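K.L.:
Build me a model:
(one chain, ligands or ions: 1)
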Amino acid sequence: MTNKGRLIVFSAPSGCGKGTMLAEILKDKNFYCSISATTRSPRRNEVDGVNYYFLTKEDFEQKINNNEFLEYACYCDNYYGTLVSEVDDKLNAGINVILEIEVQGAMKIRKLRPDALFIFISPPSVDELRRRLKKRGTESAEIVEKRVAQAEKELTFASEYDYNIVNAELENAISDFFAVIRAEQLKIQKN
Ligand code: 5GP
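P.N.:
The predicted structure is shown next:
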């Protein structure tokens, strides 16, 4: 029998370097990142079915009505949601599934799947976060400020997670992630 994979909730405000961290983590084939559905428009270089399933608002709402989402949330005026079809088959096959989701969705998963592992990624500072978002250049100045304000709110949720990793240096943040995974594997299960 295959051991089940672990569900890992991975949250970070926009601009914390979560995407770069994930790209490194996913080189390890024991990890899969669930592809979410969203109503936001694709950024340049984003591909439907790879980065997200890009849906119209109507299609998204149809999936809500069909109970196809494990969780969904509204973030900066767009819907984002985790499809059930992205999660359970992989977990049953022994693969660890990462949900890269924001805090409202994470709090829903906390209730639905209390056995999940909750990891928060934070920036070294809010100023550094703003600098990284501007440097990325994928959003207008107005959206950058909206995302910074949203990030400040999200940072207050870090204490709801099991671990907080500060992404100051990418390499250190990645090794912290694998240290957490190792510690969880070695943890003694108590009833
Ligand atoms: P972005 O527009 O930068 O790709 O994502 C915006 C936010 O939506 C990020 O914090 C990201 O983690 C979150 N997000 C992406 N997919 C999902 C999802 O399926 N559910 C929820 N609740 N949040 C998501």
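K.L.:
and the longest helix for this structure?
P.N.:
Taking DSSP state H as the criterion, the chain has its longest helix at helix 170-186.
K.L.:
And it, how far out from the chain middle?
P.N.:
Offset of helix 170-186 from its chain centre (C-alpha atoms, centre = their mean, to the nearest Å): 16 Å.
K.L.:
Just the buried residues of that helix, please?
P.N.:
Ala173, Ile174, Asp176, Phe177, Val180, Ile181 (16 or more other C-beta atoms under 10 Å). In short, each C-beta sits where N, CA and C put it, glycine included.
K.L.:
The residue in the chain positioned nearest to the ligand and Glu171, how far apart?
P.N.:
Taking C-beta to the nearest ligand atom, the ligand has its nearest neighbour within the chain at Gly105, 2.3 Å off. Look at Gly105 and Glu171: by C-beta to C-beta, to the nearest Å, they are 28 Å apart.
K.L.:
cool, and Arg136?
P.N.:
20 Å.
K.L.:
again with Thr82
P.N.:
From Thr82 across to Glu171, the span is 29 Å (C-beta to C-beta).
K.L.:
what does Tyr53 give?
P.N.:
32 Å.
K.L.:
ditto for Asn3
P.N.:
From Asn3 to Glu171 the distance is 29 Å (C-beta to C-beta).
K.L.:
Ok, Leu55 next?
P.N.:
Separation of Leu55 from Glu171 (C-beta to C-beta): 36 Å.
K.L.:
And for Asn96?
P.N.:
Distance of Asn96 to Glu171, given as C-beta to C-beta: 21 Å.
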